[in-house]
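In: sequence-free structure coming up:
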C-alpha cells in the first residue's frame, strides 16, 4: 500500500507540474500530458504499476462523465437535439462498424476485437474541443451540437465497449441477446439517471450550504452508477442524464456562490483524474511495444477517420432529407477534424479485464491514437477553426468588458432585490448598493452606444427573438394548437435563420 501511494503521489506531482507548465505556455494541458507521458514511457521513468480495471470502471468513469454533463447547457442541448441524437446513436454505430471493418482488413484483428477497438475509438474527448472553443469563438449552436454529441456519444460508445468486450472474452456472439442488452442498457440508464436527477433536484433545494450540496452530489453520482450497474443498465448514460438534470436544477435553484462551489469541486476532480489517466496509461505499456505497433496505430487512425467521415456526412445527409434540418458543411468538417481521443478512451481501455485477449495491444493502439490526435489535431484546432472560417473574429476588448460589466451589474441588482424581499438587507443598504450597481450599468451602456456596440446588441436581439419564436411554436405543438409537422417545418426555418444570422465579427462563420 505504501509503494502504491508513493507511485500515485509521483504521478500526481509529475502531472501537476506538466499541467502548470502547459497552462503557462498556453497549450491544452491534455496535449502536454500525453506528450510527457510518451517521453516518460520511452525513457522508462514511470513505474510499471498494474491497474485494477474495477477502479477505473467504478471510480474514474462516473466522475469524468458527470463533470462534463454538469457544465452542459440543457436548453442548448434540447434545441440541437436532432443533430446530437443523429450522431450519438446511428452515428456511433456507423463509426464503430466502419472503423471495425477497416481494422479487420488492415490490422488482421479478429472481427470481435476490431469491433471492440472501433467502440473504444468512437469515444470523443470534449476537453480539447471546448478549450479551443473558449479561445476562439464559434457559433453557439455548433458548440452545443459538439458538446451534446460528445456527452451522449460517450454513453452509447461505452455501452458498446462493454458488450464487445464480453463477446471477445466469451468468444460467442448472439445477435438477439446483444441487441436486448443494448436496449436495456440505454433505456434503463436513461430511466435511472432521470429518477436520480429528480431526487437530486429535490435534495439540492434542501441543502443548507455548498459543503452539503457537494457531498450530496458525490453520493448521487456513485449511487446512480452503482444502481445502474446492478440493474444491468448503463452507468455512463445514467450519470450523463443525472449530470444534465442536476446542472440545470443547480443553476435554477441555488445561489451563484453554491453553484460555483459545486462546479469548482467537480472541475477539480475531473482535472485530477485526467492527469492521472494520461500518466497511468504510460505505466501500462512498454516503449518497445509502442514502436512495434507504430504501423498499427497509423492504420487505426485511417480506420478511425474513415468511419467518422461516413458517420458525420452520412447522418447529416439523411437528417436533412428526412427533416429538412441543415447542418452547414463547414460545421461537419469541424466535427470530423474534432474527432479527438482523450481520457475517456484511455479509461475505457484500462477498464478491460486484465486477462482479455489482445488487451495489451488495444491499450497500446488506443494510447498511440490518442497521442497522435491530441498532438496533430487538438494542438492546432483553433487554427483549423479559423481556416474553415467557422471561428468568429475576437470582438473588441472594450465592448466585451462593457458587456461583462453590464451582465454582472444587472445580476447584482436582481440579487439585491431578492435579498430585500427576503428581509436580509435593510432598505438603506439596498438603495446604496443598488445605486452603485446602477452607476456601473450606466457606464457599460455608454460604452455600448457606439456603432459597433449597437451592431452587437442588434445581433443578440435578433438571436433572442428567433429563439423565443421557436420555443413558442414548439410549445404550441405540444399543447395541440398546431400540427407537429407544421411546427417542425417552422422551427427548421427559424433554425436556418439562426445559423445564417450575420454577426458583426464574421459574416461567413455560420454558413
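Out: Sure thing, it's come through. Small disclaimer: the values here were computed from a predicted structure and weren't measured.

In: buried residues in the one helix or strand residue 314 maps to?
Out: Here residue 314, judged by DSSP states H and E, is contained in helix 294-323. Residues 296-297, 299-301, 303-305, 307-312, 314-316, 319 are the ones in helix 294-323 that count as buried (16 or more other C-beta atoms under 10 Å). Heads up, the C-betas are built off the backbone N, CA and C, glycines and all.

In: after that helix, which helix or strand is next?
Out: Note on helix 294-323: by DSSP H and E, the next helix or strand toward the C-terminus is helix 329-337.

In: state the mean pLDDT of that following helix.
Out: Throughout helix 329-337, pLDDT has a mean value of 89.

In: which parts of it are buried?
Out: For helix 329-337, a neighbour-count test (16+ other C-beta under 10 Å) marks 330-335, 337 as buried.

In: list just the nearest of those residues to residue 203.
Out: residue 335 (36.3 Å; C-beta to C-beta).

In: any idea how far residue 319 is from the closest residue to the closest one other than its chain neighbours?
Out: Spatial nearest neighbour of residue 335, chain neighbours left out: residue 312 (5.1 Å); criterion: C-beta to C-beta, 6 or more residues apart in numbering. Separation of residue 312 from residue 319 (C-beta to C-beta, to the nearest Å): 11 Å.

In: can you check residue 360 too?
Out: Taking C-beta to C-beta as the measure, residue 360 and residue 319 are separated by 40 Å.

In: likewise residue 302?
Out: 26 Å.

In: and for residue 21?
Out: From residue 21 to residue 319 the distance is 43 Å (C-beta to C-beta).

In: picking up where we left off before, could you check the angle the helix holding residue 314 makes with helix 329-337?
Out: Helix 294-323 and helix 329-337 meet at an angle of 150 degrees, taking axes from the mean of the first three to the mean of the last three C-alpha atoms, to 10 degrees as the criterion.

In: residue most distant from the centroid, the chain?
Out: Within the chain, the residue lying farthest from the chain centre (C-alpha atoms, centre = their mean) is residue 428, at 45.7 Å.

In: tell me how far that residue lies from residue 417.
Out: Separation of residue 428 from residue 417 (C-beta to C-beta): 15 Å.

In: now do the buried residues in the helix or strand hosting residue 288.
Out: Taking DSSP H and E as the definition, residue 288 sits inside helix 287-292. Residues residue 290 are the ones in helix 287-292 that count as buried (16+ other C-beta under 10 Å).

In: sorry, back to before: ok, the buried residues of helix 329-337 vs residue 484, which is closest?
Out: Nearest to residue 484 among these, with distances taken as C-beta to C-beta, is residue 331, at 26.2 Å.

In: and the closest one, what does it touch?
Out: 139, 142, 145, 390 (C-beta atoms under 8 Å, 6 or more residues apart in numbering).

In: wait, isn't the last one in contact with residue 139?
Out: Read it as residue 390. Yes: between residue 390 and residue 139 there is a contact at 7.3 Å, judged by C-beta atoms under 8 Å.

In: would you quantify the distance from the nearest residue to residue 142 once chain neighbours are set aside to residue 388?
Out: Distance criterion C-beta to C-beta, 6+ apart; nearest residue to residue 142, sequence neighbours excluded, is residue 331 at 5.1 Å. Separation of residue 331 from residue 388 (C-beta to C-beta) stands at 9 Å.

In: what would the buried residues of helix 329-337 look like in TSV with distance to residue 16?
Out: Listed next are those as TSV, based on distance: C-beta to C-beta, whole Å:
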residue	distance to residue 16
330	38
331	36
332	38
333	36
334	32
335	32
337	30
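
In: packing partners for the helix holding residue 288?
Out: Using 3 or more C-beta pairs under 8 Å, 6 or more residues apart in numbering; DSSP states H and E, the elements in contact with helix 287-292 are helix 29-42, helix 359-373.

In: next, the angle helix 329-337 makes with the last one.
Out: Just to be clear, that refers to helix 359-373. With the same axes, to 10 degrees applied, the angle from helix 359-373 to helix 329-337 works out at 140 degrees.

In: got the buried residues for stretch 426-439?
Out: Residues 430, 433-434, 437 are the ones in stretch 426-439 that count as buried (16+ other C-beta under 10 Å).

In: sorry, wrong one. I was asking about stretch 20-31.
Out: Using 16+ other C-beta under 10 Å as the test for burial, stretch 20-31 gives 22, 28-31.

In: what do you get for stretch 242-255?
Out: Going by neighbour count (16+ other C-beta under 10 Å), the buried part of stretch 242-255 is 242-250, 254.

In: just the ones of those residues in helices?
Out: In helices, judged by DSSP state H, the following of those are found: 242-250.

In: which one among these gets closest to residue 88?
Out: Closest approach to residue 88 among those (C-beta to C-beta): residue 244, at 13.1 Å.

In: relative to residue 250, how far out is the closest one?
Out: 11 Å.

In: list of residues touching stretch 57-72?
Out: In this structure, residues lying in contact with stretch 57-72 by C-beta under 8 Å, 6+ apart are 126, 147-148, 150-151, 154-155, 158, 221-222, 224-226, 229, 235-236, 239-244, 246-247, 250, 262-263, 266-267, 269-270, 273-274, 276-277, 343-344, 347-348, 351.

In: list phi and psi for residue 355.
Out: When read as degrees, to the nearest 10, the backbone of residue 355 gives phi -100, psi 10.

In: now do residue 209
Out: phi -150, psi 180.
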